[in-house]
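> here is the input, now give the coordinates:
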Amino acid sequence: MYLSKVSMIRSSQSAQELLKIGTNGNYASHQILWRLFSGEQERTFLYREEIGPDGLPQYFVLSQREPAQNELVFSVQTKPYRPLLNAGDRLAFRLRVNPTVSVKNDTGKSQKHDVLMHAKHQAKKQGIKSGTELKCLMEDAARSWISDERRLLAWGISLDFIPEVERYTQHMSSKAKSQKIRFSSVDFEGVLTVVEPTIFLSRLVCGFGRAKSLGCGLMLIRKI
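Residues are numbered from 1 along each chain as shown. Model prediction:
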């Protein structure tokens with residue numbers, strides 16, 4: 001595996017890519033990064049988009065292959081990624097994830113809903129209108145989602161404390177004019193303890209949660 005920092009540079013080519021990102025958001029970012037892995041028929045990388053100190057997008061990318069260089073658009077810094085983890089290791093982590101909950105509709109069919117918006121909708125049905133109270137309930141729902149014991153067991157970890165919700169963002173992209181993509185992301189920061197190293201490492205590679213092709217699911221870790 002490889003962990004890369006992919007920073008957009010200022011050029012006429014990157015200006016064109018920025019225009020695409022401004023129009024199609026996360027889907028455009030995904031398509032641009034995929035070009036660094038020419039020949040791949042399916043996405044095998046995870047990424048997280050941030051804004052660099054120069055105001056341009058930069059991406060952290062976890063991939064099975066080493067990304068190619070593209071000096072016209074990106075500065076690419078890559079290193080092999082082989083974390084050696086043992087049970088009991090404590091790690092500071094950052095995770096951008098798409099938390100969802102299954103809700104049955106009027107026909108009894110389950111549908112995926114944004115955890116935070118579902119909590120907001122339920123609170124409003126109970127007559128809660130205060131913006132501050134709604135925000136707290138939404139963030140509580142996000143924290144409950146990530147601290148669910150079954151989820152943590154499936155991830156091979158435990159949490160030292162309930163992580164902070166750093167940011168909640170609603171995204172909209174489009175593959176085509178008639179195909180809109182809407183999803184949300186939550187940025188968590190916290191400290192975890194590795195319980196099952198093999199399980200956790202496999203999760204690091206494949207990503208956490210949904211919307212992994214749209215910039216969610218990559219967990220950045222460091223030992224403490």
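
> outline the domain layout of the protein.
2-80, 90-223 (automatic domain parsing).

> mean pLDDT and mean neighbour count for the ones you listed - can I get that in JSON lines?
For the C-beta atoms, the positions are set from N, CA and C on the backbone; glycine is no exception. Supplementary listing: the domains of the chain in JSON lines, determined by pLDDT from 0 to 100; neighbours: other CB atoms under 10 Å:
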{"stretch": "domain 2-80", "mean pLDDT": "88", "mean neighbour count": "16"}
{"stretch": "domain 90-223", "mean pLDDT": "89", "mean neighbour count": "16"}
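
> which parts of this structure are helices?
Secondary structure of the chain (DSSP state H): helices located at 12-34, 115-125, 131-146, 149-155, 197-206.

> contacts for the shortest one?
If you take CB atoms under 8 Å, 6 or more residues apart in numbering as the criterion, helix 149-155 is touched by Trp145, Ser158, Leu159, Val195, Ile199, Phe200, Arg203, Phe208.

> output it as PDB - backbone C-alpha positions only.
What follows is helix 149-155, C-alpha atoms only, in PDB (Å, rounded to 0.1, in the frame of the first residue of the first chain):
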ATOM      1  CA  GLU A 149     -20.500  -1.400  19.900                       C
ATOM      2  CA  ARG A 150     -21.300  -3.600  17.000                       C
ATOM      3  CA  ARG A 151     -19.600  -1.200  14.600                       C
ATOM      4  CA  LEU A 152     -16.500  -0.900  16.700                       C
ATOM      5  CA  LEU A 153     -16.300  -4.700  17.000                       C
ATOM      6  CA  ALA A 154     -16.500  -5.000  13.200                       C
ATOM      7  CA  TRP A 155     -13.700  -2.400  12.900                       C
END
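
> distance from that helix to the middle of the chain?
18 Å (CA atoms, centre = their mean, to the nearest Å).

> what does stretch 110-119 give?
With CA atoms, centre = their mean, you get 17 Å for stretch 110-119.

> alpha carbons of that stretch, in CSV - could you do that?
The C-alpha atoms that make up stretch 110-119 are tabulated as CSV, following Å, rounded to 0.1, in the frame of the first residue of the first chain:
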residue,chain,number,x,y,z
SER,A,110,-35.6,0.0,4.1
GLN,A,111,-33.9,3.0,2.8
LYS,A,112,-30.6,4.6,3.8
HIS,A,113,-30.9,8.0,5.5
ASP,A,114,-28.3,10.6,6.7
VAL,A,115,-28.0,9.9,10.4
LEU,A,116,-27.9,13.6,11.3
MET,A,117,-30.8,14.7,9.1
HIS,A,118,-32.8,11.8,10.4
ALA,A,119,-32.2,12.9,13.9
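
> from Leu214, how far out is the residue of the chain most remote from its centre?
Residue farthest from the centre of the chain, counting by CA atoms, centre = their mean, is Gly127 at 32.2 Å. Distance from Gly127 to Leu214, counting by CB to CB, to the nearest Å: 35 Å.

> swap in Ala154?
In terms of CB to CB, Ala154 sits 22 Å off from Leu214.

> then Asp187?
Applying CB to CB, the value for Asp187 to Leu214 is 14 Å.

> what about the strands in this protein?
2-8, 45-51, 57-63, 74-80, 90-97, 100-104, 110-114, 157-159, 164-176, 179-194, 219-223 (DSSP state E).

> let's have those strands in CSV, adding distance to Gly22.
Shown next, in CSV, are these (distance: least, CB to CB, whole Å):
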stretch, distance to Gly22
strand 2-8, 13
strand 45-51, 13
strand 57-63, 11
strand 74-80, 17
strand 90-97, 20
strand 100-104, 27
strand 110-114, 23
strand 157-159, 36
strand 164-176, 11
strand 179-194, 15
strand 219-223, 26
